[in-house]
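Asker: Provide a 3D model corresponding to the input given below.
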Amino acid sequence: MMLTLDSELHLGPCRKNLFAFIAIFVIVVSIYSNTFYASWHFDDETNILKEKAVHLTELSWENIKRTSFFIHDGQWTIYRPAARVSLALNYYFGQEDVLGYHLVNLAIHFFAALFLFFFIHNLLNLPLVKAEYGSTSYSVALLAAVLWAVNPVQTQAVTYIVQRMASMAGMFYVMAMFFYLKASMAQARLHQVGYYAFCLVASLLAFASKENAAMLPISIFFLDLFLMQG
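Answerer: Sure thing, here's the model as predicted:
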């Protein structure tokens, strides 16, 4: 008997998602496990080692708030607060030990790939495209997420510590897209409101990680226009 790509050995949704989680995790860790002790490079020095604002030594709201600001032309200005707070927390728990920073970078990359899988899987099951792509949506989504995760172009964002800013923006970007999609598909009003709230939070965190997340509203607009509205 010939099996289609989406036969998935007749696994239920939970087992299929668990397999995707484990597969992406194992692949990502296998590829980047030799980078855990990669040294500081280039802008790491100015943004982390010499940036006193992110040298968090005591957990308090005032100290954490201070990490969100950067001195520019002699004035304190807010600057990529989500990314800088994550770097400050890394410093609090491990100071200048690169291992903790690399583990967080790897976790960000993993969750970005995982939510990319969820996003594509749900996207291909929208009413307008389900008839054509629904039967292979799981396989296509998993393959796409894995190919994205292992693409060499991602190496800099994962191994170059300060480029966490780009990785975080990408992770929250795709999370916002996913939650918007789930909100649009939700039947219960409460679920819809909840997903929209998650979408808003993820969007704000993407903007607070790096400025290129400004493209997110445009992406959501075209997602809604062409794949939801038709």
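
Asker: and the helices in this protein?
Answerer: Taking DSSP state H as the criterion, the chain carries its helices at 13-32, 43-44, 61-66, 81-94, 98-123, 130-133, 137-150, 155-159, 164-185, 189-207, 216-222.

Asker: next up, the contacts around A141.
Answerer: With C-beta atoms under 8 Å, 6 or more residues apart in numbering as the criterion, the residues that contact A141 are 20, 117-121, 124. Glycine gets a C-beta too; all of them are placed from N, C-alpha and C.

Asker: most neighbours of all those, which one?
Answerer: Using other C-beta atoms under 10 Å as the neighbour criterion, F117 leads those with 27 neighbours.

Asker: okay if I get the contacts of A141 as TSV plus distance to A131?
Answerer: Compiled in TSV, these are given as follows (distance: C-beta to C-beta, whole Å):
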residue	distance to A131
A20	23
F117	22
F118	21
F119	20
I120	17
H121	16
L124	11
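
Asker: tell me if I'm right that I48 and L87 touch.
Answerer: Yes - I48 is within contact range of L87, at 5.8 Å (criterion: C-beta atoms under 8 Å).

Asker: these two: who's more crowded?
Answerer: Using other C-beta under 10 Å, the more surrounded residue of I48 and L87 is L87, with 25 against 22.

Asker: next, count neighbours for the closest residue to the more buried one other than its chain neighbours.
Answerer: The spatial neighbour of L87 that comes closest, neighbours along the chain excluded (C-beta to C-beta, 6 or more residues apart in numbering), is V54 at 4.9 Å. The local packing of V54 (other C-beta under 10 Å) involves 23 other residues.

Asker: which residues touch V54?
Answerer: Contacts for V54 (C-beta under 8 Å, 6+ apart) come out as 47-48, 67, 84, 87-88, 91.

Asker: between the residues you listed, which is nearest V26?
Answerer: For the contacts of V54, the residue nearest V26 by C-beta to C-beta is L87; the value is 27.2 Å.

Asker: sorry, back to before: which one of the contacts of V54 is nearest G12?
Answerer: Closest approach between those and G12, by C-beta to C-beta: L87, at 39.9 Å.

Asker: report the central residue of this protein.
Answerer: Taking C-alpha atoms, centre = their mean as the criterion, M171 is the residue nearest the geometric centre of the chain, at 1.5 Å.

Asker: isn't that residue right up against L106?
Answerer: No - contact status for M171 versus L106: not in contact, 11.9 Å apart, counting by C-beta under 8 Å.
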